[in-house]
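# Take this sequence and fold it.
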Amino acid sequence: MTETSGPSQGLHPWHLPAMRAVPALVVGLPLPFVQLHSALVGLIALAVLLAGTALALWLGRRLVPAAAGGWPALVAAWSAVMAVVAAVLAVALPTETAFGLAVAAWALPAGALELSGWWRMRDAAVARTLRLARDWRAVAVLTLVLGVVFAFTRDAVTLTGLIGAYAVIVGVYLALAALSARPARATTEPERSDA
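Model prediction:
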């Protein structure tokens, strides 16, 4: 007996933005309610965000067409490394400068890699693939802007607020992207017998 792949089996391309939305929303939604917006809180939030992002991208790396250049695996690896760096900085050196530079060091390469994935797929023939590639472009641009802002800002309250705002915006955007890329379910009505 051969195994067939049905819609309920395995991962589909829309799962990648859905998986990426989870850590962003987990970090971004509670952050405004934290009383202490310090570099320590920001570094912990960054470590959690990057660890979740690394896991989501690694799990979904095969959902991206090969023509996109394998950016999810590269960004997953970089995010994992920077998650460890952020955790170490939270323990050893929780300063505004360390926080700002850690975010910039993650965001600029990660955003550039994701943008390169969009660039390679911008002329995709399949509508769903093109839609997902456009979502990569939007997230990449937001990530690059985050990196530039964090490279030059040194106020812990502002930085922690910005990492939370970024996480919420990207999380909601990716959740909506996943929902719009998900194929419509076929509805079946039960057959009526006229007997």
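
# going forward, measure contacts between C-alpha atoms and count neighbours the same way
Noted.

# Check the offset of whichever strand or helix holds residue 20 from the chain's centre.
Secondary-structure element containing residue 20, defined by DSSP states H and E: helix 15-28. Taking CA atoms, centre = their mean, to the nearest Å, one finds helix 15-28 lying 6 Å from the centre of the chain it belongs to.

# and if you look at stretch 42-55?
10 Å.

# Take that stretch, keep the C-alpha atoms, and write them as PDB.
The C-alpha trace of stretch 42-55 is given here as PDB (Å, rounded to 0.1, in the frame of the first residue of the first chain):
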ATOM      1  CA  GLY A  42      15.000  43.700  26.200                       C
ATOM      2  CA  LEU A  43      17.900  41.200  25.900                       C
ATOM      3  CA  ILE A  44      15.700  38.500  27.400                       C
ATOM      4  CA  ALA A  45      12.900  39.300  25.000                       C
ATOM      5  CA  LEU A  46      15.400  39.300  22.200                       C
ATOM      6  CA  ALA A  47      16.800  35.900  23.200                       C
ATOM      7  CA  VAL A  48      13.300  34.400  23.300                       C
ATOM      8  CA  LEU A  49      12.300  36.000  20.000                       C
ATOM      9  CA  LEU A  50      15.400  34.800  18.200                       C
ATOM     10  CA  ALA A  51      15.300  31.300  19.700                       C
ATOM     11  CA  GLY A  52      11.700  30.900  18.600                       C
ATOM     12  CA  THR A  53      12.400  32.500  15.200                       C
ATOM     13  CA  ALA A  54      15.400  30.100  14.700                       C
ATOM     14  CA  LEU A  55      13.200  27.100  15.500                       C
END
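
# and it, average pLDDT?
The pLDDT scores in stretch 42-55 average 97.

# Now do that stretch: everything it contacts.
20, 22-24, 27, 75-80, 82-87, 89-90, 94, 99, 103, 156, 159-160, 163, 167 (CA atoms under 8 Å, 6 or more residues apart in numbering).
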